[in-house]
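Build me a structure from this.
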Amino acid sequence: MSDVPEFERIFGYVFQSREILKQALTHRSFGTAHNERLEFLGDSILNCIIAQALYERFLDVREGDLSRLRANLVRQETLAEIAQGLGLGEQLRLGEGELKSGGFRRPSILADGLEALFGAVFLDGGFDKARETVLRLFEPYLSNLDPQHSGKDAKTTLQEFLQGRRLALPQYLLRATRGEAHAQEFEVECLIPELAITAIGRGTSRRSAEQEAAKRAFEQTGAK
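Residues are numbered from 1 along each chain as shown. Purely as a prediction, here's the structure:
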């Protein structure tokens, strides 16, 4: 654990209990007081919060499609991406073997650590604080969801649209990276030369910026 106050600032929640934060950041390879139970709790809390957000946001979407939307949001890839943007890997307490093998970059460890943090916020500050934290971190992903495509993200939707018309796949170019480490903003350009479409997306990770750019590019196609 290094520069915990700065991490809390980026994460958006200041823990009252330093012990519960320490446990949330402790992988089982480090010691016995690890974060697996907090991960279990955080997973349930995350699913509940995202389910409520989708229920309230998409009033006309059926249960099966809501389930697919939720699964798309809470999958390991998304969690790991958010964790990476927070700089969580550098805060995790890992055993020597995991450190040497690059465990602080492993998606499964990052995703589990983020879920453990959600569980820790719930125990430390209550459900409202946990909900506030989760929704702030997931808002860019919620905004990019298209319920008409049953949970497909913007890049997949755009790719399938182009393939269906036998057009070349879009190009994604990183145009800028701003801010200090762990608090960066990425700017990505999505290009579809055959349709003369150019769109800019911004996000806290390159992937989220690409998703935003793809969403804007798809909107320019006029497709429904």
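
helix or strand for residue 202, which one?
For residue 202, the host element (DSSP states H and E) is strand 197-203.

Which residue ranges of the chain form strands?
Here the chain has its strands, by DSSP state E, at 171-178, 185-192, 197-203.

Could I have the CA atoms of the strand holding residue 202 written out in CSV?
The C-alpha coordinates for strand 197-203 follow below in CSV (Å, rounded to 0.1, in the frame of the first residue of the first chain):
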residue,chain,number,x,y,z
ILE,A,197,-17.1,9.5,-40.2
THR,A,198,-14.8,10.8,-37.5
ALA,A,199,-15.7,10.7,-33.8
ILE,A,200,-13.8,11.6,-30.6
GLY,A,201,-14.3,9.8,-27.3
ARG,A,202,-12.8,10.5,-23.9
GLY,A,203,-12.5,8.3,-20.8
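
Just the buried positions in it, please.
Neighbour-count burial for strand 197-203 flags 197-199, 201-203 (criterion: 16 or more other C-beta atoms under 10 Å). Just so you know, the C-beta spots here come from the backbone N, C-alpha and C atoms, and that holds for glycine as well.

hmm, back to that, a markdown table for the strands of the chain, including mean pLDDT and distance to residue 20?
Formatted as a markdown table, the strands of the chain follow (pLDDT from 0 to 100; distance: least, C-beta to C-beta, whole Å):
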| stretch | mean pLDDT | distance to residue 20 |
| --- | --- | --- |
| strand 171-178 | 92 | 33 |
| strand 185-192 | 93 | 30 |
| strand 197-203 | 93 | 30 |
